[in-house]
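Colleague: fold the following and give me the result.
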Amino acid sequence: MEKVLSRIKSTGLTDPELVSAIIAVDSYVVGAARTRLYEQEAEHRTGLTDAEFWQAQAPVLEQLMLSGRYPLLAGLPEDAFGAEFDHFEFGLQCVLDGLETLVTRRRAGAGAKAGAETVESAVTSADG
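Modeller: A predicted model of the protein is given here:
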């Protein structure tokens, strides 16, 4: 935590906000890792891969989608849930973009000097 704090201290966030920013990023990453672990445990327990599980659910899901009760969900293409799209990366980028927006808004309000480090680059370089 010390290393990350040293990298993001210059963002202008208050100390409680700095801690919350770290918690937000950590919670997202840990939550995603936990979800993947649960998927792996389910695979081990049931002997079904994730794809096999969803294939087995297809008849029920198809019936629900055709019921008209879930028009938005039914309108999504199958690839919306596909592994080709990096859902983790997208979500992490959203968290970082939100923090970046907060920092930028604060700096604009305070007339902070240009060229200061971004939250994303600070977090990324602290990881290495």
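
Colleague: neighbours of the closest residue to residue 73 other than its chain neighbours, just the number please.
Modeller: Distances taken as C-beta to C-beta, 6 or more residues apart in numbering put residue 65 closest to residue 73, at 6.8 Å, once the chain neighbours are dropped. Where you see a C-beta, it was placed from the backbone N, CA and C, and this is true even at glycine. Using other C-beta atoms under 10 Å, residue 65 has 15 neighbouring residues.

Colleague: just use 51 as the starting number from now, easier for me
Modeller: Sure, I'll start counting at 51 from here, so that last one is residue 115.

Colleague: from residue 125, how far out is residue 115?
Modeller: Residue 115 is 9 Å from residue 125, where distance means C-beta to C-beta, to the nearest Å.

Colleague: the residue nearest to residue 123 and residue 94, how far apart?
Modeller: In this view, residue 115 and residue 94 are 29 Å apart by C-beta to C-beta.

Colleague: can you pull the phi/psi pair for the residue nearest to residue 123?
Modeller: phi -70, psi -30 (degrees, to the nearest 10).

Colleague: same thing with the one 5 residues further on?
Modeller: Torsion angles at residue 120 (phi, psi; degrees, to the nearest 10) stand at phi -130, psi 60.

Colleague: wait, the residue nearest to residue 123 sits on residue 121?
Modeller: No. Using C-beta atoms under 8 Å as the test, residue 115 is too far from residue 121 to be in contact (9.0 Å).
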